[in-house]
Every structure is written in C-alpha cells, then in structure tokens.
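Student: pasted the sequence and its predicted model underneath.
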There are 2 protein chains.
Amino acid sequence: MTTQQLIQQIRHKKSFLCIGLDVDLTKIPKHLLELEDPIFEFNKAIIDATHDLCVSYKPNTAFYEAYGLKGWQSLEKTISYINKKYPEIFTIADAKRGDIGNTSTMYAKAFLEDLNFDSVTVAPYMGKDSVEPFLAFENKHTILLALTSNEGAFDFQTKINPEVSGGQELYKTVVKTAKTWENSQNLMYVVGATKAEYFTEIRKIVPDSFLLVPGVGAQGGSLYDVCSYGMNDDIGLLINSSRAIIYASTGTNFAEKAREEALKLQQEMEMILKQNNLV
Amino acid sequence: MTTQQLIQQIRHKKSFLCIGLDVDLTKIPKHLLELEDPIFEFNKAIIDATHDLCVSYKPNTAFYEAYGLKGWQSLEKTISYINKKYPEIFTIADAKRGDIGNTSTMYAKAFLEDLNFDSVTVAPYMGKDSVEPFLAFENKHTILLALTSNEGAFDFQTKINPEVSGGQELYKTVVKTAKTWENSQNLMYVVGATKAEYFTEIRKIVPDSFLLVPGVGAQGGSLYDVCSYGMNDDIGLLINSSRAIIYASTGTNFAEKAREEALKLQQEMEMILKQNNLV
C-alpha cells in the first residue's frame, strides 16, 4: 500500500485508528476457547465488527509466538483474512525485529512478502545495515522505534548525545540518522503518546512522516494532546488502541462492545479532523 | 542451566564454541531438500557431528520465521532434539526481542519456558521494563545486545553520552545500566569480535559476565585478539561461528566437513585455554 492510499482511507473513514490485535487466551471470552482456533475466531469477530471504523490492524507477534505453532498459524490466518476481505486496511506486524543485514532480509521477507503485511516495526539499535533490508521493499513501510511509550524509554532513548551542537537525545539521533538511509521514504516512526510534548521535537525532524502512536488510553496518553502536537497536513498519525477496544467485554457481546469503543475513538478523531479542516 | 554448569562443560570439552544454526534452504545440500523437514534434518546431522566439540547451539529465529509454519516447526523440533539428546548443551534463541513489559513476558515464556531454551538474545533500546521480564526466569539467561558485529554498530552504539563524567559511549551506558536491573546476575552480553579493542572497556564494567561473541571468521574477527582482551578466570566467552562451520561443504559429506571446521576451532580454543592455565 502506498502512503497516499493510506491517507485516502483516513479521509474516507474519518479515522486514523489502528487496532492492536494482542490476543491473550486468558483474557478472551470463555465460549471461544471451545473452538478449534480461538485466537483467529476472536480476531475475525473483532475485525468484522470494527473494519469500517479503523484504518489499520496491528498484531503484536509476541502474543502469537507465545502459543507456538498454533499461534503462528493464527497469525497467518488473521493477516490472510484481512488482506482478502478488507484489502484497504493498512496492516502492521508489530515484531520489533532487527539483525545484521542478511538476517534482517530474512525477517523482512517473512513479514512483508510471505505474510504480506504492509509494514513491520523495527528496532534501531543495530543501525543502518539492520534496517535498510526492510526499506528495500516497494510500497511497504518500516516503522522504526523512536520514542516508545514505556517507562524504560527514559533509560536510553532520551539520553543526550553531545556530538551534535548543543547536544541531542538518542531518539532524535535515531530519527535524523534514519532519514539519511536508502529508501528512507518508506520509514514511519513509533512515538509513544505518553509524552505528547516530544511530538513537537519529532515534527521538527520529520514533518511529513507518519507516526504510529501507542499509549493512548490504557497507558494514559491524551488523544487531543497528541493531535495538537503531532498532526500534519496529511494527518500523519496512526493512533493505536489495543486492550481498551478488544477487551471491552468478555461476554458473548465482545465484538459489539469492541465496536462501541472503536466508535467512540473514531468520533473523537472525526471531530479533530474537522476542527483542523482535514476532512 | 546454571552458569557454573556452563563453565564445567567448557572445561570438560576444552571448548567455548557456539555453533549458529542459521539454516538457509538455498545453501544446504540439495539431497536434503527431498526430505520432509530439510531444516531439521540438516540441523540434526550438524548437531550429531559436532556436539562434543561445542558447548552451545544458537538458532537465529529469522531463518525459521522465513519459512512460516514449517520453519517454526523445524525450530521446535531442533530445540527439542538438543534438549533431549544433549541436555548438557547451552541453547540460545537468537531472537533479539524486546517490547513493553507484558509483551516481553509473552516472548520470555515462548522462548525460555515453552521452547525451553537456556537463553535468549534481547535488544536494549526499550530499557529496563522491556528486559526485566526475561531476567525473572531462574537458571535462564538473557543475552543483551551491547556492541554488535555489524557496520551499523557505529550508528548509535558507539555514540557518546555526556551525562556521565568524561562522556561515555551508548554501549557502555547500556551495560552499566543493565547491571542495576533486577536479577542482573542472569545477564550475558553480545559483543562483536570485529572490535577486539572494545573488550577491554567491556571487561572494566562486567569483569565476570559471559560474553557471546559473533563475528569471528566470516566477519573478520580474530579469536586470539578476542581471548586476550575478553577472557576471564571463568573463561567468560562463547565464540559463535555459523556459516564457516555449517556450510563448510554442500556435498553429502557436509556434516563431516562441519565437524572438521568445528574441530579446528576447538583445537585453537584448547590451546588458548591451556596457555591461560584455564584447563
């Protein structure tokens, strides 16, 4: 999918919501556990109930690998279902991979080619040759961790690097450096919502890039703050929500309740888009 | 496995060799491709031919995920085969994972509990709460990326952080910070062999920890340099070799040739251990 197609979808649906499919068997409705593939059945119901309110789904691979072979199969079925039934959806493999060049190529093929996700999240620690293999795929996107939404983000990401005049935090070095890599037009960045003031800093470096924003809701970030600091003329934001939507109910009405939660966020987003004359 | 058991195994086998099981179907002997599970059959033959010359096997998960469900099955069969037939071997899931707390717990369970690896490699970018879930497993080990063996290591890992008196490279901040985390006794570190001079710096911070060292051989690092700067009284090193051993031949004699290459390294290691009065 091209970035333009993503932007068109956002304008059409009046939503920049991404739903995280982080399926934990201990948290899903009990009646699903009797089915052959509870994870896929859960995802399918959530997707069918919310696809017109969101523009993206993001399974985190940890939740699938945790169930071994069966989990991997559920992931394959989930992405294949989305690609077939809702091809307009922007899919994200939240895998946070990254390795030396030839090994990153294996990961890139697995997620962007074989599973056919539109994008994959990648960790920057190993630098250029660990990320460029992902960037090489045309009309696919690499979402680089810049500033994450967890407490540990302050351990290294916000530490200052003095080699730049005036000093500069690591996350800025990461984003500025990544911009110089080959096919950097295929980059997006993860920026946590728990630190809305940082969006101003990020936007000085990458005014045009899309930012994937976890941490709204359950982790305490404010949608309005994120939008007022992070939105650009092409919207430029994908706001992720996982638990608040997919675990809205553990009853047989879980999909309906998930839709209600997604609708609340979509309506807030529509209002923000209108206020900013973006739709 | 405890660290003491690993050290005993090293002294017994006079080897601190780790063999990387990075299986690429385009590089393995053609006659294996007719079998039902070529990846597992390749690994099994390599393992049976080399288990007395090495102390550790390290499958890189990228090479298994690249083959989807079948690849994940080959990984399961490989770790299960090693654990059953050669329980003395220290197993490493080279997965380079790391995510927010509850998600890292899912990865940790997948690799350390369900697949039952002795250890897993983890990326440090997301900080403390992304790593501690791995450290919580008793007699299991978390191998944190410190200084990797690729070119991209110079993009961020060697950048200087001035908040410490005199300034300090990021990889040092990572290792010093990680030492303060809960259950840090379960930490080991990845330090690439391509930069032997850095081992002196690392040893000032973690004199006693084990270091997993990629980059000897194919990537150009010298075994003697690494040992003279990085070895400690408990040896403290696991030297990884992948391609030079497992792809020594593409004929039907591939396992025999792999053994020959492993033996060369084991003999060099035995000589170094004797020179240092460690066996």
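Tutor: Here it is on my side, so go on. Note that this is a predicted model, so its numbers are computed, not measured.
Student: show me where chain A has helices.
Tutor: In chain A, the helices defined using DSSP state H lie at A:3-13, A:38-50, A:62-65, A:68-85, A:101-108, A:128-135, A:153-156, A:170-178, A:198-205, A:223-230, A:243-246, A:254-275.
Student: turn the ones you listed into TSV, including distance to chain B.
Tutor: All C-beta atoms are positioned from the backbone trio N, CA, C, and that covers glycine. Conversion of these to TSV gives the following (distance: least, Cβ to the nearest Cβ, whole Å):
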stretch	distance to chain B
helix A:3-13	24
helix A:38-50	13
helix A:62-65	4
helix A:68-85	5
helix A:101-108	4
helix A:128-135	4
helix A:153-156	3
helix A:170-178	6
helix A:198-205	15
helix A:223-230	17
helix A:243-246	9
helix A:254-275	19
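Student: in CSV, list these along with distance to residue B:11.
Tutor: Listed next are the helices of chain A as CSV, based on distance: least, Cβ to Cβ, whole Å:
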stretch, distance to residue B:11
helix A:3-13, 57
helix A:38-50, 46
helix A:62-65, 35
helix A:68-85, 35
helix A:101-108, 32
helix A:128-135, 35
helix A:153-156, 36
helix A:170-178, 40
helix A:198-205, 51
helix A:223-230, 56
helix A:243-246, 49
helix A:254-275, 56
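Student: I'd like those helices as a markdown table, with mean pLDDT and mean neighbour count appended.
Tutor: Listed next are the helices of chain A as a markdown table, based on pLDDT from 0 to 100; neighbours: other Cβ atoms under 10 Å in any protein chain shown:
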| stretch | mean pLDDT | mean neighbour count |
| --- | --- | --- |
| helix A:3-13 | 98 | 17 |
| helix A:38-50 | 98 | 21 |
| helix A:62-65 | 97 | 25 |
| helix A:68-85 | 97 | 18 |
| helix A:101-108 | 95 | 21 |
| helix A:128-135 | 98 | 24 |
| helix A:153-156 | 93 | 22 |
| helix A:170-178 | 95 | 22 |
| helix A:198-205 | 95 | 18 |
| helix A:223-230 | 94 | 19 |
| helix A:243-246 | 95 | 22 |
| helix A:254-275 | 97 | 18 |
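Student: among these, which comes closest to residue B:274?
Tutor: Residue B:274 lies closest, by Cβ to Cβ, to one member of the helices of chain A: helix A:101-108, at 34.5 Å.
Student: and residue A:125, what is it in contact with?
Tutor: Residues in contact with residue A:125, defined by Cβ atoms under 8 Å, 6 or more residues apart in numbering or on different chains, are A:98, B:123-125, B:145, B:148, B:156-157.
Student: if you set the cut-off to 6 Å instead, what comes out?
Tutor: With contacts defined as Cβ atoms under 6 Å, 6 or more residues apart in numbering or on different chains, the neighbours of residue A:125 are B:123, B:125, B:145.
Student: from those residues, which land in strands?
Tutor: Here DSSP state E is the test, and the contacts of residue A:125 give residue B:145 as lying in strands.
Student: how many neighbours does residue A:33 have?
Tutor: Residue A:33 has 12 neighbours, counted by other Cβ atoms under 10 Å in any protein chain shown.
Student: what's the burial count for whichever residue of the stretch 151-279 of chain A sits closest to chain B?
Tutor: For the stretch 151-279 of chain A, the residue closest to chain B is residue A:152, as judged by Cβ to the nearest Cβ, at 2.4 Å. Using other Cβ under 10 Å, residue A:152 has 23 other residues around it.
Student: check whether it really touches residue B:126, as I assumed.
Tutor: Yes. Under the criterion of Cβ atoms under 6 Å, residue A:152 makes contact with residue B:126 at 5.1 Å.
Student: related to what we said a few turns ago, OK, contacts around the residue of the stretch 151-279 of chain A closest to chain B?
Tutor: Residue A:152 makes contact with B:126-130, according to Cβ under 6 Å, 6+ apart.
Student: repeat the analysis, applying 8 Å as the threshold.
Tutor: Neighbour list for residue A:152: B:126-131 [criterion: Cβ under 8 Å, 6+ apart].
Student: closest to chain A out of those?
Tutor: Distance to chain A across the contacts of residue A:152 (Cβ to the nearest Cβ) is lowest for residue B:127, with 2.4 Å.
Student: quick check: the gap between that closest one and residue A:96.
Tutor: Distance of residue B:127 to residue A:96, given as Cβ to Cβ, to the nearest Å: 13 Å.
Student: for residue A:252, same thing?
Tutor: Counting by Cβ to Cβ, the gap from residue A:252 to residue A:96 is 34 Å.
Student: one more: residue A:16?
Tutor: In terms of Cβ to Cβ, residue A:16 sits 22 Å off from residue A:96.
Student: same deal with residue A:88?
Tutor: For residue A:88, the distance to residue A:96 - Cβ to Cβ - is 26 Å.
Student: which one's more surrounded, the two?
Tutor: Counted by other Cβ under 10 Å, residue A:88 and residue A:96 do not tie: residue A:96 has more neighbours, with 28 against 14.
Student: what sits against the more buried one?
Tutor: By Cβ under 8 Å, 6+ apart, the contact set of residue A:96 is A:121-123, A:145, B:97-99, B:123, B:126.
Student: just residue A:94 next, same as before
Tutor: So residue A:94 contacts A:20, A:58-61, A:121 (Cβ under 8 Å, 6+ apart).
Student: residues in contact with the closest residue to it other than its chain neighbours?
Tutor: Distances taken as Cβ to Cβ, 6 or more residues apart in numbering or on different chains place residue A:60 nearest to residue A:94, at 4.2 Å, with adjacent residues excluded. Residue A:60 makes contact with A:20-22, A:94-95, A:242, B:99, B:103, according to Cβ under 8 Å, 6+ apart.
Student: and for residue A:134?
Tutor: Applying Cβ under 8 Å, 6+ apart, we find residue A:134 in contact with A:104, A:107-108, A:112, A:120, A:122, A:140, A:142, A:186.
Student: farthest pair in these?
Tutor: Pairwise distances across those (Cβ to Cβ) peak at 15.2 Å, for the pair A:107 and A:186.
Student: that older thread, buried subset of the contacts of residue A:96, written for PyMOL?
Tutor: To isolate in PyMOL the members of the contacts of residue A:96 that are buried, counting by 16 or more other Cβ atoms under 10 Å in any protein chain shown, one can use:
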select buried, (chain A and resi 121+122+123+145) or (chain B and resi 97+98+99+123+126)
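Student: in a markdown table: the contacts of residue A:96, plus pLDDT and distance to residue B:44.
Tutor: Formatted as a markdown table, these follow (pLDDT from 0 to 100; distance: Cβ to Cβ, whole Å):
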| residue | pLDDT | distance to residue B:44 |
| --- | --- | --- |
| A:121 | 98 | 34 |
| A:122 | 98 | 32 |
| A:123 | 98 | 32 |
| A:145 | 98 | 37 |
| B:97 | 97 | 26 |
| B:98 | 97 | 31 |
| B:99 | 97 | 32 |
| B:123 | 98 | 30 |
| B:126 | 97 | 36 |
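Student: adding distance to residue A:269, write the contacts of residue A:60 out as TSV.
Tutor: Below are the contacts of residue A:60 laid out as TSV (distance: Cβ to Cβ, whole Å):
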residue	distance to residue A:269
A:20	16
A:21	19
A:22	21
A:94	21
A:95	26
A:242	16
B:99	26
B:103	25
